[in-house]
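# Okay, sequence plus prediction incoming.
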Amino acid sequence: MKIVADENIPLLNAFFSDMCQELVTLPGREMRAEHVKDADILLVRSITQVNAKLLQNSKVKFVGTCTIGTDHLDTTYLEQAGIQYANAPGCNAKAVVDYILSALLVLQERKQTPWQSLSVGIVGAGNVGGLLYDTLKALGMKVVAYDPNVEAFASNECSEQVWQQDVVTLHTPIIKQGEHTTYHLVDENRFAKMKDTACLINSCRGEVVDNQALLKHKNSHPNFECILDVYEQEPAPTDELIKACLLATPHIAGYSLDGKYGGTAMIYEALCDVLALPKRLRLAQLISEAPLRKLSFSGEADIQYILKQVIQSAYDIRDDHFRMLSLLGLTKDEKAKAFDGLRKEYPMRRDLTCQVVSSRRLSHAVWLQAMGVRIKQ
């Protein structure tokens with residue numbers, strides 16, 4: 001059996017080398033039909049479009065994407081061709097929530113207002129948006145969510161209110177057909193319904209936001225902010241778009257070690273099921289220890305200080321923003337290569353669930369627990 005896989009999928013050899021006679025890796029953006037024609041298994045990430053053009057006349061019988069979404073898979077074609085497929089729903093949901101928490105801290109510094117006083121609208125309440133909703137509610141924030149596919153958040157009232165909050169954060173797949181399309185969901189008309197001082201966060205798919213409409217709105221509303229992790233012109237967003245962002249990052253919102261490894265582990269288990277093989281490996285056997293595991297605070301530390309230190313010690317979004325600024329001034333080809341390089345060489349980052357907080361006097365411990373942090377008193 002031959003497996004062809006994106007070279008940036010972590011733990012490929014550990015999980016899959018014993019399952020095949022040949023494991024071939026290559027850059028996901030460069031996968032072509034000639035690369036997969038004699039493969040039995042194809043393993044990808046979201047940057048590879050899997051469709052008839054790629055797979056027609058190939059031997060592929062299973063496609064696994066180590067990502068939460070499937071919008072890069074032509075599932076209609078796969079089903080018609082009898083090709084089984086699997087994704088990894090929720091694998092990096094915690095990482096994206098940590099990304100949003102870190103972004104809110106920076107936004108708070110920008111606005112000079114307590115970050116928990118900001119109201120948040122969540123568009124899309126699936127694995128990621130649902131976890132974010134629960135987390136922010138437990139932190140005492142005002143949160144409104146809208147998702148036409150989730151009964152609790154599908155009302156017309158939610159659909160209106162979600163766009164009128166201080167922060168609007170997007171967590172939808174890209175859907176180009178049907179009743180609830182998300183392609184250019186945020187367009188010129190949608191921007192007009194948002195607060196002039198709002199902040200838009202997009203960490204789902206670049207095409208959910210009309211990037212030209214965003215630039216136009218930003219130019220005419222200087223107090224409007226945007227935080228982007230994904231772009232329509234990815235992997236080479238324009239300098240103008242990068243500069244317009246309060247924070248710009250290179251499609252890494254879900255790039256914690258736990259999220260990436262978890263995605264690979266879920267596809268490994270799915271493939272074991274398809275091949276009727278025993279699941280001999282567990283993620284806990286392979287994942288490394290977190291570089292920082294415990295934070296200790298004195299009894300004088302207030303909860304706001306503790307929350308900030310805990311979030312930013314696990315993940316500080318500003319580090320990725322400054323890395324992204326290194327793309328400015330490059331040609332389109334240079335920028336695309338550098339963008340993918342930032343993702344390929346991404347430094348180790350662990351979820352907040354790896355953190356342990358110790359304090360002799362800790363108020364609002366429930367807030368830390370809501371973020372997944374363990375507490376030792």
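Now that the structure is in, tell me what you want to look at.
# what residue ranges in this structure score low on pLDDT?
Judged by pLDDT under 70, the chain has its weakly predicted residues at 361, 363, 377.
# Now do the strands for it: every range, in order, please.
Shown for the chain, the strands assigned by DSSP state E span residues 2-6, 22-26, 41-44, 62-65, 84-86, 120-123, 143-146, 167-170, 199-202, 225-228, 247-248, 294-297, 356-359, 374-376.
# will you turn these into TSV that also has mean neighbour count and distance to residue 215?
All C-beta atoms are positioned from the backbone trio N, CA, C, and that covers glycine. As requested, the strands of the chain are arranged in TSV below (neighbours: other CB atoms under 10 Å; distance: least, CB to CB, whole Å):
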stretch	mean neighbour count	distance to residue 215
strand 2-6	22	31
strand 22-26	15	35
strand 41-44	26	31
strand 62-65	24	31
strand 84-86	19	36
strand 120-123	25	20
strand 143-146	23	25
strand 167-170	25	17
strand 199-202	26	12
strand 225-228	24	9
strand 247-248	23	13
strand 294-297	14	40
strand 356-359	18	41
strand 374-376	13	43
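# Tell me which of those lies nearest to residue 270.
In terms of CB to CB, the element of the strands of the chain nearest to residue 270 is strand 84-86, at 3.7 Å.
# Report the contact partners of the spatially most central residue of the chain.
Centre of the chain computed as the mean C-alpha position; nearest residue by CA atoms, centre = their mean is residue 254, 3.5 Å away. In this structure, residue 254 makes contact with 68, 91-93, 95-96, 99, 128, 203, 260, judged by CB atoms under 8 Å, 6 or more residues apart in numbering.
# Which of those residues sits closest to residue 26?
Using CB to CB, residue 260 is the member of those that sits closest to residue 26, with 18.1 Å.
# For residue 310, see how far away the closest one is.
22 Å (CB to CB, to the nearest Å).
# more crowded one of the two?
A count of neighbours by other CB atoms under 10 Å puts residue 260 above the other of residue 260 and residue 310, at 25 against 20.
# Now do the more buried one against residue 198, distance only.
From residue 260 across to residue 198, the span is 31 Å (CB to CB).
# and what of residue 161?
If you go by CB to CB, the gap between residue 161 and residue 198 works out to 13 Å.
# How about residue 374?
Separation of residue 374 from residue 198 (CB to CB): 34 Å.
# related to what we said a few turns ago, is it possible to get TSV of the contacts of residue 254 that adds distance to residue 1?
Shown next, in TSV, are these (distance: CB to CB, whole Å):
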residue	distance to residue 1
68	26
91	24
92	28
93	31
95	31
96	34
99	37
128	33
203	36
260	24
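# Helices - which of the residues you listed land there?
Among the contacts of residue 254, the members found in helices (DSSP state H) are 93, 95-96, 99, 128, 260.
# Now which of the residues you listed would you call buried?
With burial judged by 16 or more other CB atoms under 10 Å, the buried subset of the ones in helices among the contacts of residue 254 is 93, 95-96, 99, 128, 260.
# Against residue 225, how distant is the residue lying closest to residue 193 once chain neighbours are set aside?
Once its chain neighbours are removed from consideration, residue 193 has its nearest residue in residue 163; the separation is 4.9 Å (CB to CB, 6 or more residues apart in numbering). Using CB to CB, residue 163 is found at 15 Å from residue 225.
# what do you get for residue 93?
24 Å.
# One more: residue 15?
Taken as CB to CB, the spacing of residue 15 relative to residue 225 amounts to 40 Å.
# Domain parsing of the chain, as residue ranges.
As assigned by automatic domain parsing, the chain contains the domains 2-87, 93-248.
# possible to save these as JSON lines with distance to residue 279?
JSON lines is the format used below for these (distance: least, CB to CB, whole Å):
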{"stretch": "domain 2-87", "distance to residue 279": "10"}
{"stretch": "domain 93-248", "distance to residue 279": "22"}
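# neighbours of the residue lying closest to residue 255 once chain neighbours are set aside, just the number please.
Spatially, and ignoring its direct neighbours in sequence, residue 255 is nearest to residue 346 (5.4 Å; CB to CB, 6+ apart). Residues within reach of residue 346, counting by other CB under 10 Å, total 17.
# swap in the one 3 residues further on?
Other residues lying near residue 349 total 23 when counted by other CB under 10 Å.
# so it sits right up against residue 313, yeah?
No: contact criterion CB atoms under 8 Å: residue 349 and residue 313 do not qualify, at 11.1 Å.
# before we move on, the earlier item: for the contacts of residue 254, which one is nearest residue 27?
Using CB to CB, the contacts of residue 254 come closest to residue 27 at residue 260, 16.3 Å.
# What distance do you get for that closest one to residue 8?
Taking CB to CB as the measure, residue 260 and residue 8 are separated by 9 Å.
# can you check residue 353 too?
Remark: distance between residue 353 and residue 8 (CB to CB) = 23 Å.
# So which of these two has more stuff around it?
residue 8 (18 against 15).
# Can you tell me the closest non-neighbouring residue to that one?
Nearest one to residue 8, counting by CB to CB, 6+ apart, is residue 344 at 5.5 Å.
# what's the burial count for the one you found?
Using other CB under 10 Å, residue 344 has 10 neighbouring residues.
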